[in-house]
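Asker: How does the following fold in three dimensions:
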Amino acid sequence: MLNKRIIPCLDVRDGRLTKGIKFKGNVDIGDPVETAQRYYEQGADEIVFYDITASHEKRSIFLDVVERVASKIFIPFSVGGGIASVDDMRQVLWAGAEKISINSAAVKEPGLIEQGAAAFGSQCIVVGMDVLRVAPSETIPSGYEIVIHGGRKHMGIDALWWAREVQRRGAGEICLNSIDADGTKDGYELTLTRLIADNVRIPVIASGGAGTPRHMAEAVTTGHASAALIASIVHYGQYTIPEIKQIMHDQGVPVRMVW
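Answerer: Residues are numbered from 1 along each chain as shown. The predicted model follows:
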């Protein structure tokens, strides 16, 4: 079995690291560059950086922060927020990212997925899916709806349909974020995670809700995810990445250990 990845997520607003619960009540919790370097040194497998208000504010991403983070870490680095064109993707890659994460822009213009994959390869294109649990309906048969702009806008798109569609269009990976679980520390939305992971061939990163290493182990075993995205659990010092990996390793989950 392939090693399961542990990926800290840095939500950035106005150049500062921030964190909220269910996409609300965000507070400043530090410097994203220093934090990224610390997680890299602790043994993170990748780093994800989101400029969380870029799309809503209709502006480009803070490239200077991307450049500063990229200069400090030497692991795969995925960047998202305000990326709405192939030229935007190119600028972020030139700034030092290895992967581009698109979310709102991909929902509004799905052809962007194909354009990015053609220009830079599918391995560069991560499609972020922000998902809310809703009552199943004819439009949303899975009971999970796609939302954009940080959860502010409901799209009437079924999450399972969209996952299959982004794969068809050339995405190399899906980052699946449950807004219902985000920041709660109550565990990942395992039903959603397994639903998506079992119905696509590309890797799925589980996101939203990690509170203990057990939750991460559940995401990659019960949930069938390839990786677990984490934020609050490490941002607030509850666990270090080596501690998380040791616990997962002891539970039989294959992870890259840092001795």
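
Asker: So Cys175 lies in a strand, does it not?
Answerer: Yes: when classified by DSSP: H, G, I helix; E, B strand; the rest coil, Cys175 is found to be part of a strand.

Asker: Please list all residues in contact with it.
Answerer: Contacts here follow CB atoms under 8 Å, 6 or more residues apart in numbering; on that basis Cys175 touches Val48, Ser78, Ser101, Val126, Val127, Gly128, Met129, Val204, Ile205, Ser207, Leu229. For glycine as for every other residue, the C-beta is placed from the backbone atoms N, C-alpha and C.

Asker: rerun that using 10 Å as the cut-off
Answerer: In this structure, Cys175 makes contact with 7, 9, 48, 50, 78, 80, 99, 101, 103, 126-130, 203-208, 227, 229, judged by CB atoms under 10 Å, 6 or more residues apart in numbering.

Asker: What of Val200?
Answerer: When the contact criterion is CB under 10 Å, 6+ apart, the partners of Val200 are Leu160, Ala163, Arg164, Glu165, Val166, Gln167, Arg168, Ala171, Glu173, Ile174, Leu176.

Asker: try 7 Å
Answerer: For Val200, the set of contacting residues under the criterion of CB atoms under 7 Å, 6 or more residues apart in numbering consists of Ala163, Arg164, Gln167, Ile174.

Asker: Just the buried residues out of these, in ChimeraX syntax.
Answerer: To isolate the buried ones among those in ChimeraX, judged by 16 or more other CB atoms under 10 Å, type:
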select :163,167,174
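
Asker: just for the protein, where's the confidence low?
Answerer: Within the chain, the set of residues satisfying pLDDT under 70 comprises 1, 14-16, 18-29, 52-61, 150, 259.

Asker: Okay, strands next: where are they in it?
Answerer: 5-13, 16-21, 24-30, 47-51, 77-80, 99-102, 125-133, 144-148, 153-158, 173-178, 204-207, 227-230 (DSSP state E).

Asker: Would you reformat these as CSV and include distance to Gly252?
Answerer: Written out in CSV, the entries for the strands of the chain read as follows (distance: least, CB to CB, whole Å):
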stretch, distance to Gly252
strand 5-13, 15
strand 16-21, 30
strand 24-30, 33
strand 47-51, 26
strand 77-80, 27
strand 99-102, 29
strand 125-133, 28
strand 144-148, 29
strand 153-158, 34
strand 173-178, 23
strand 204-207, 18
strand 227-230, 15
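
Asker: so what's the most centrally placed residue in the chain bridging to?
Answerer: For the chain, Cys175 is the residue whose C-alpha lies nearest the centre (CA atoms, centre = their mean; 4.4 Å). Note on Cys175: beta-bridge partners by DSSP bridges are Gly128, Ile205.

Asker: From Ala118, how far off is it?
Answerer: Cys175 is 21 Å from Ala118, where distance means CB to CB, to the nearest Å.

Asker: With Arg194 instead?
Answerer: Distance, Arg194 to Ala118, by CB to CB: 31 Å.

Asker: do Ile205 as well
Answerer: When CB to CB is the yardstick, Ile205 and Ala118 sit 23 Å from each other.

Asker: Looking at those two now, which is surrounded by more residues?
Answerer: Relative neighbour count places Ile205 above the other of Ile205 and Ala118, with 28 against 12, counting by other CB atoms under 10 Å.

Asker: In this structure the more buried one contacts Ile230, no?
Answerer: No: between Ile205 and Ile230 no contact is recorded; they are 10.5 Å apart, counting by CB atoms under 7 Å.
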